[in-house]
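Participant: What would the 3D arrangement of this be:
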Amino acid sequence: MSLLLLLVSLPTLYWPGGVESAAALKAAGIERLAVPVEQAEAWRKAGFDVAPVSAGDLAAREKVEAPGLAVEITLASATRNPWVSASGWIFQRKSAGRYYYNELPAGRAVLAGAEAYAYGADALLKIDPTDVGAFGGLLAFLKDLPPRELPAVADLGVVDDGSDDVGEVMNLLARRNVLFEPLVKPSPKFRINVELGTAEYPKEDAGDPSEFAAKVRRQLTDEARTLRVYGSDVVIGRVSGDGSHARVHVLNYGGRPIETLRVRLRGAWGRGEGYVAGRGKVALEDYAMEGGVTEFTLTAVGVYVIADLPAIH
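Facilitator: Now for the predicted structure:
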């Protein structure tokens, strides 16, 4: 991957603060910024790679929510159920879109940057100043990753009519780690094409999007899923790959490290390498490959882990 393509693929810090903060950014290893147009020249003179952003440019970007856990209080129960707020499905739905994480709360910069990177999103992030060091660490981690330009893997297609109902179906499929590809029409490459308004998928069924997503998952079957993750219900995975390599992205939305995760990947893959944000290269533990399925364990999972595996021929 060329340096230019690498830089384009990295999440970009939007920094409206004055150039007097240059020393803190450089200390964090941050060299590339998006800044208000009127400040661009001053930041260039301070030695930064700068993308000028006008107020109109910023307003034209689609705002996405801070990733992480929200808490939903149901009417039927006093229990508080974790609800994952994630934008990966939005990035998939509009892969050519331009996005803006506006006013990220403290502690969310690394997860937002990892989410944008995992889905290849063109995203600007306005972070809390206390997260500058952590965000700089994420950028250093991403720059050191082995380059892998691989297509996304999907198990089924979702015909996108642009409706909120289809959007919520995509959201819930992603949260269940059911890999899908947004489509403009059904594709013969998929055994399952979800299209609202057909006899198999009536629009009224989408009134309960959770049950609708569960129905689709049952139709696919767990055995046919490319990716399954055991050990947490606040982890979302994405897989890219071709005939020679697979890359598994694992995003932890829970806000605290997970002791162990077991990952099941359909296909015959050799023992590869793990890369953990904040720790670097790690071993993939308890590796097993049998019956066309590969499994391995990730330990001390923080915000973001990548596993790279070579194909077995």
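Participant: end to end, how far does stretch 264-284 reach?
Facilitator: The first and last residues of stretch 264-284 sit 12 Å apart, counting by Cα to Cα, to the nearest Å.
Participant: Ok, stretch 51-68 next?
Facilitator: With Cα to Cα as the measure, what separates the two termini of stretch 51-68 is 28 Å.
Participant: Got the phi and psi for Leu309?
Facilitator: As for Leu309, its main-chain torsions (degrees, to the nearest 10) stand at phi -130, psi 130.
Participant: And Ser95, by the same measure?
Facilitator: The phi/psi pair for Ser95 (degrees, to the nearest 10) reads phi -70, psi -20.
Participant: And the one 5 residues further on, by the same measure?
Facilitator: The main-chain torsion angles of Tyr100 are listed as degrees, to the nearest 10 and equal phi -150, psi 120.
Participant: unless I'm mixing things up, it is touching Arg61, no?
Facilitator: Yes. Counting by Cβ atoms under 8 Å, Tyr100 touches Arg61, with 3.9 Å between them. C-betas here are computed from N, CA, C, even on glycine.
Participant: which one of these two has more residues nearby?
Facilitator: Tyr100 (21 against 18; other Cβ atoms under 10 Å).
Participant: Quick one: residues contacting the more buried one.
Facilitator: Counting by Cβ atoms under 8 Å, 6 or more residues apart in numbering, Tyr100 touches Tyr14, Leu58, Arg61, Glu62, Lys63, Val64, Ala123, Leu124, Lys126.
Participant: Mind doing that once more with 10 Å?
Facilitator: Tyr100 is in contact with 14, 34, 53, 57-64, 122-126, counting by Cβ atoms under 10 Å, 6 or more residues apart in numbering.
Participant: wait, which of those residues is closest to Leu173?
Facilitator: Val64 (17.9 Å; Cβ to Cβ).
Participant: gap between the closest residue to that closest one other than its chain neighbours and Ser9?
Facilitator: Using Cβ to Cβ, 6 or more residues apart in numbering and skipping residues adjacent in sequence, the residue nearest Val64 is Ser87, 4.2 Å away. Between Ser87 and Ser9 the computed distance is 17 Å (Cβ to Cβ, to the nearest Å).
Participant: got it, and Leu251?
Facilitator: As judged by Cβ to Cβ, Leu251 and Ser9 stand 16 Å apart.
Participant: Break this structure down into its domains, please.
Facilitator: 3-144, 156-223, 227-310 (automatic domain parsing).
Participant: Thank you, goodbye.
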